[in-house]
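Engineer: This is the structure alone, sequence omitted:
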């Protein structure tokens, strides 16, 4: 793991992006942002992150499809993806994992819990 791991935060809600960006930066991470799946895919081509926080309900390319594409690509397959979503109905976590998400956090969620989960996933890197 590099001294400052890079997190890609894929979230269409500006307020949520600001909150999560702030707590992740404060926790020592470099944070890249994307407001939709198309932007996320373009960002990843430029800079391969150490972990992706993926909202599933985003415009252009939704988080489900974006995750499937990333897990199908040998270059990005190993990057952990944590779903960060308001999809909290029965079966949604299974759907997210089937799409390729390695972790699942349902909103509303405390920013502290997001940082804990990111650190847990990166501890093995």
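Structural biologist: Structure received. Values in this document were obtained by computation on a predicted structure and should not be read as measured data. Numbering: from 1, shown residues only.
Engineer: and the residue of the chain most remote from its centre, what helix or strand is that in?
Structural biologist: In terms of distance from the mean C-alpha position of the chain, residue 90 ranks first, at 20.9 Å (Cα atoms, centre = their mean). Using DSSP states H and E, residue 90 sits within no helix or strand.
Engineer: do the one 5 residues further on as well
Structural biologist: Per DSSP H and E: residue 95 is located in helix 92-99.
Engineer: what helices or strands is the helix or strand just after that helix leaning on?
Structural biologist: Sequence-wise, the next helix or strand downstream of helix 92-99 (DSSP H and E) is strand 103-106. Applying 3 or more Cβ pairs under 8 Å, 6 or more residues apart in numbering; DSSP states H and E, one finds that strand 103-106 makes contact with strand 81-85, helix 92-99, helix 111-122. (Each C-beta comes from the backbone N, C-alpha and C, glycine too.)
Engineer: Now do the same contact list for the closest residue to residue 55 other than its chain neighbours.
Structural biologist: Ranked by Cβ to Cβ, 6 or more residues apart in numbering and with sequence neighbours excluded, the top spatial neighbour of residue 55 is residue 11, at 4.6 Å. Neighbouring residues of residue 11 by Cβ atoms under 8 Å, 6 or more residues apart in numbering: 17, 20, 33, 34, 35, 53, 55, 58, 84.
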